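Participant: coords please:
(chains A, B and C)
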Amino acid sequence: MSDYTQKIRETAKKLLSEGKVDAVIGYREGTLPLMAEPCLVKDPEKVDQLVFNSFCGVNLANYLPKRKDRVAVVAKGCDSRNIALHIVENQVDRERLFVIGAPCTRMVDRRKVAAAVGGREISGVSEQDGKLTVSGPGYEQTVDKKDVLQDNCSICIHRNPVLADEMLGEKLPEQEADRYADVREVEAMSPEERFAHFKDLFSECIRCYACRNACPLCYCPTCFVDESKPQWVGKSIDPTDTMTFHFLRAFHCAGRCTDCGACERACPVGIKVRQLTRKLEKDCLGLFDWEAGMNPDVRPPLDTWRPEDPEEFIK
Amino acid sequence: MGVEPGRLHFSWISSAESTKFVDVATKVIEEVRALGPAGQLAKTKAQVA
Amino acid sequence: MRFLKIAKDDWTRGVEDLKKSFRVFGPVKEKEAYDFRLLDKGVLPDFSFQNTRLSPKSTVYPQSEILFEYTLDESKADHHVHKVPEKDYSPRVILGIRPCDAKAFELVRLNFDTPEYKDPYWLSAYEATTKVGLACDDPCSTCFCTSAGSGPYDEAGLDVLLADRDDHFLAKVLTEKGEAFVSAAGWNTEAPDAEAGFEKLAAEAEGKVPGGVPTDKLADKETVALHGADFWEDVAFSCINCGTCTYLCPTCWCFDIQDEVKGAEGVRMRNWDSCMFPLFTLHGSGHNPRATKVDRVRQRFMHKLKYFVDRYGRGIQCVGCGRCVSSCPVNIDIRRVARLMNEFEPAPEKCPA
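Facilitator: Numbering: from 1, shown residues only, chains lettered A, B, ... in the order given. Prediction:
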């Protein structure tokens, strides 16, 4: 059992039995190897289902808006940045929220693990010292965790929570990373090439909206694709409609996306949807020196105006 | 996302600058006309089964 | 019913011959996953898959399908006439469909082929389709077909069942369509003594499928009590209401009808719908009887594991393919929910004070 698991249970038990919160939002052991399921615990006697491991990739900030009760939530670095954004955007009340901060040990991409063991059936997995021991019918294989991280985790530069009422451990060292190598490749394309690239990227989309629904930013009461009076975008898998959904969704996340990777992690057909959001992240960094969710007291650049905002694009 | 250069224009025009508005609008129309109808992200009939 | 032996040396030739009289759909690996695709000349189905990422239901029931086109332009002679676009209902074969997915077509058929109404689009495509199954000797850990009224050698819905035997396939030809298929492929080596071997293989394979998903008591449950069970909030908590489970499911059949009009020209199409979506069963008045996440999650499981059971009396609306289990982004597991529902006992009513 990881140290975090033990501490989360202790904290949850204390908060619930002292009546400081009505519920704790955390993760419980998945029914599948390499998975953990978000769960809500209200009973202090049931905190032992809570766990923390390398498979807690779901962003729990997604479960906070519209809650009326007092909750505690387990938050990795990215989750905490989304909580900060929720606070700025008036989606959660800081006073009613208890943040259990988890300096993040980086999350594993289960598809990469599956590929690393050659697509063989995985019936069990254990982790120790940066290694995953994966077992299945007739085999056991050890893989380096760093080789099977979620793409966003491998380039993450903010693994430590930006806000917390209690921390599960000491802050962990941050890394330096080139976050935009693939974005630069797309930027270097001609408009025609770029359009073809995106058309191909989204060609397998089945419009299930897992990317949107896994995203803590997507809390609109009615998403533009679900509007029917007027209907802005068609609902079929027509390529134009599908791309319109993805482009507009990404633009709606501009200056707000924390690159938590929830969208890509959720996609059942493996579309690299972060290519769009990271281009916007790169632009916001370059144009406004802005990283989303680092401070719950500062409004994001796209809903503020400053005299020094760049305006070279305006003729 | 692959929109051709020249199809999108931004301009600051004050309500007092009517002549600038005419000039910009004329120029934008000319440039976009020269490009012809947009082929990308333009849908006439759904491409489905 | 008869048995044939198809030597793998003769496989490529047979498949190419098939393509002269059938459109052949088969599993192919693209990027990281397998899906059913129309196979071009020279492309063979890739049988190294366990199961495909998406179910093959779209080969008969496309995710988006135009039902008819129309024009409102009264200067045109055919204005206000519903014109069905030309569709290709020439013979097609799904080569290598897993038995669970083939069985799923039989369940979906209950919706599209009823005494009162026969859906022309679904039925025309279905009748044009020959389903050649590939028996499952290596089930996934998320499979539970044997708990869901199917099995790795289930013949329901199939025209031919193939078993992969090293250097050859054993084929069990089950229907007239199956006969036409083997004849088009030119496979005719009889294997009269294969029956016992087939049964042994089936028994072995069934033993490998993870079981333990009980459904035996679902029919006896009182619907309203089950609907009001206390576990739904916990089951639904993690759900993000995406359409992954329903779109990957081979048995989900719900659709939504949309008109798309540009100027005076329009089409009416139907798209797969999902009970997970907020628009599902949204009334014109703005009222939705399933307005919340818990309502929608409960609807999915109650439909599959209770309403369907009661309505049709032929088991659950699930074939145990495990796609929703393995692809759910938040690990909601129908096996766990089935267990909760099957074991549910309503709390005894309290005596009035």
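Participant: how near is residue A:164 to residue A:297?
Facilitator: The gap separating residue A:164 from residue A:297 is 16 Å, by CB to CB, to the nearest Å. Quick note: C-beta positions are derived from backbone N, CA and C, even for glycine.
Participant: Please apply the same query to residue A:197.
Facilitator: Applying CB to CB, the value for residue A:197 to residue A:297 is 38 Å.
Participant: Those two - which one has more neighbours?
Facilitator: Set side by side, residue A:197 and residue A:297 show more neighbours around residue A:197, with 16 against 7, by other CB atoms under 10 Å in any protein chain shown.
Participant: Please look at residue C:81 and residue C:69 and confirm they touch.
Facilitator: No - assessed by CB atoms under 8 Å, residue C:81 is found out of contact with residue C:69, at 9.3 Å.
Participant: What ranges does the chain have for its helices?
Facilitator: Unless you meant another one, I'm taking chain A. Secondary structure of chain A, counting by DSSP state H: helices at A:3-17, A:77-88, A:110-116, A:151-154, A:181-187, A:191-201, A:210-214, A:239-252, A:262-266, A:274-288.
Participant: looking at chain B here, not the other one
Facilitator: For chain B, the helices defined by DSSP H cover B:18-35.
Participant: Flag every buried residue along the helix or strand hosting residue C:206.
Facilitator: Here residue C:206 is covered by helix C:194-208, with elements defined by DSSP states H and E. Buried residues in helix C:194-208, counted by 16 or more other CB atoms under 10 Å in any protein chain shown: C:194, C:198, C:201-202, C:205-206.
Participant: The residue in the stretch 51-200 of chain A that chain B sits nearest to: how many residues sit nearby?
Facilitator: At 2.7 Å from chain B, residue A:195 is the closest residue in the stretch 51-200 of chain A, using CB to the nearest CB. Neighbours of residue A:195 under the rule other CB under 10 Å: 19.
Participant: So it sits against residue B:2, correct?
Facilitator: Yes - in terms of CB under 8 Å, residue A:195 counts as a neighbour of residue B:2; the distance is 2.7 Å.
Participant: shared neighbours, the two?
Facilitator: Residues within reach of residue A:195 and of residue B:2 at once, by CB atoms under 8 Å, 6 or more residues apart in numbering or on different chains, are residue B:40.
Participant: Next, name the residue at the spatial heart of the chain.
Facilitator: Defaulting to chain A. Centroid check for chain A by CA atoms, centre = their mean gives residue A:260 as the closest residue, at 2.9 Å.
Participant: Chain C, not that one
Facilitator: For chain C, the residue whose C-alpha lies nearest the mean C-alpha position (CA atoms, centre = their mean) is residue C:250; its distance is 2.1 Å.
Participant: ok, that one to chain B distance?
Facilitator: Residue C:250 is 18 Å from chain B, where distance means CB to the nearest CB, to the nearest Å.
Participant: Let's test this: what are the backbone torsions at that residue?
Facilitator: phi -80, psi -10 (degrees, to the nearest 10).
Participant: okay, it: pLDDT?
Facilitator: Model confidence at residue C:250, given as pLDDT, is 98.
Participant: got a list of what it touches?
Facilitator: Each residue near residue C:250 by CB under 8 Å, 6+ apart is listed here: C:55-57, C:100-101, C:104-105, C:108, C:319, C:321, C:323.
Participant: Also residue C:223?
Facilitator: C:302, C:306-307, C:310.
Participant: Format these as TSV; extra columns: secondary structure and distance to residue B:9.
Facilitator: Below are the contacts of residue C:223 laid out as TSV (DSSP: H, G, I helix; E, B strand; the rest coil; distance: CB to CB, whole Å):
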residue	secondary structure	distance to residue B:9
C:302	helix	54
C:306	helix	58
C:307	helix	56
C:310	helix	62
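Participant: ok, and which of those reach chain A?
Facilitator: The subset of the contacts of residue C:223 within reach of chain A, counting by CB under 8 Å from any CB of the partner chain, is empty.
Participant: Among those residues, which one lies nearest to chain A?
Facilitator: Using CB to the nearest CB, residue C:302 comes nearest to chain A of the contacts of residue C:223, at 20.2 Å.
Participant: How about that closest one, nearest residue that isn't a chain neighbour?
Facilitator: Excluding its sequence neighbours, the residue lying closest to residue C:302 (CB to CB, 6 or more residues apart in numbering or on different chains) is residue C:227, at 6.4 Å.
Participant: quick revisit: quick one, what contacts the residue nearest to the centre of chain A?
Facilitator: With CB under 8 Å, 6+ apart, residue A:260 has these contacts: A:59, A:61, A:78-79, A:81-82, A:152, A:216.
Participant: Likewise for residue A:132?
Facilitator: Contacts of residue A:132 by CB under 8 Å, 6+ apart are A:54, A:108, A:113, A:125-126, A:142-145, A:148.
Participant: can you rerun that using 7 Å?
Facilitator: Applying CB atoms under 7 Å, 6 or more residues apart in numbering or on different chains, we find residue A:132 in contact with A:108, A:113, A:125, A:142-143, A:145, A:148.
Participant: pLDDT score assigned to the residue most central in space within chain B?
Facilitator: With distances taken as CA atoms, centre = their mean, residue B:7 lies nearest the centre of chain B, 4.2 Å away. On pLDDT, residue B:7 comes in at 89.
Participant: ok, it - contacts?
Facilitator: B:32, B:35, B:38.
Participant: change it to 10 Å
Facilitator: Contacts for residue B:7 were tallied using CB atoms under 10 Å, 6 or more residues apart in numbering or on different chains; they are A:191, B:28, B:31-32, B:35, B:38, B:40.
Participant: buried ones in stretch C:270-283?
Facilitator: In stretch C:270-283, counting by 16+ other CB under 10 Å, buried: C:270-282.
Participant: between those, which is nearest chain B?
Facilitator: Nearest to chain B among the buried residues of stretch C:270-283: residue C:271, at 8.3 Å, using CB to the nearest CB.
Participant: Tell me both backbone torsions, phi and psi, for the closest one.
Facilitator: When read as degrees, to the nearest 10, the backbone of residue C:271 gives phi -120, psi 150.
Participant: beta partners of it?
Facilitator: The partner list for residue C:271 in beta bridges (DSSP bridges) reads residue C:64, residue C:256.
Participant: Touching, it and residue C:58? I think so.
Facilitator: No - at 11.6 Å, residue C:271 and residue C:58 do not qualify as touching, with contact defined as CB atoms under 10 Å.
Participant: Can you pull the residues that touch both of these two?
Facilitator: Contacts common to residue C:271 and residue C:58, judged by CB under 10 Å, 6+ apart, are A:237, C:64-65.
Participant: Can you select the buried ones among those residues for me in PyMOL?
Facilitator: In PyMOL syntax, the buried subset of the shared contacts of residue C:271 and residue C:58 is picked out as below (16+ other CB under 10 Å):
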select buried, (chain A and resi 237) or (chain C and resi 64+65)
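Participant: what secondary structure does residue C:259 sit in?
Facilitator: Taken by DSSP: H, G, I helix; E, B strand; the rest coil, the conformation at residue C:259 corresponds to strand.
Participant: who touches it in this structure?
Facilitator: Here residue C:259 is in contact with A:231, C:67, C:70, C:266-269 (CB under 10 Å, 6+ apart).
Participant: ok, now residue C:141?
Facilitator: Residue C:141 makes contacts with A:32-33, A:121-124, A:136-137, C:50, C:209-210, C:322, C:325-326, as judged by CB under 10 Å, 6+ apart.
Participant: For stretch C:50-68, measure first residue to last.
Facilitator: End-to-end distance of stretch C:50-68 (CA to CA, to the nearest Å): 37 Å.
Participant: if you average pLDDT over that stretch, what comes out?
Facilitator: In this model, stretch C:50-68 has a mean pLDDT of 96.
Participant: Isn't residue B:5 up against residue A:191?
Facilitator: Yes - look at residue B:5 against residue A:191 with CB under 10 Å: they come within range, at 6.7 Å.
Participant: Am I right that residue A:171 is in contact with residue A:160?
Facilitator: Yes - applying CB under 10 Å, one finds residue A:171 in contact with residue A:160, separated by 4.7 Å.
Participant: Tell me which of those two has more neighbours.
Facilitator: Using other CB under 10 Å, the more surrounded residue of residue A:171 and residue A:160 is residue A:160, with 19 against 12.
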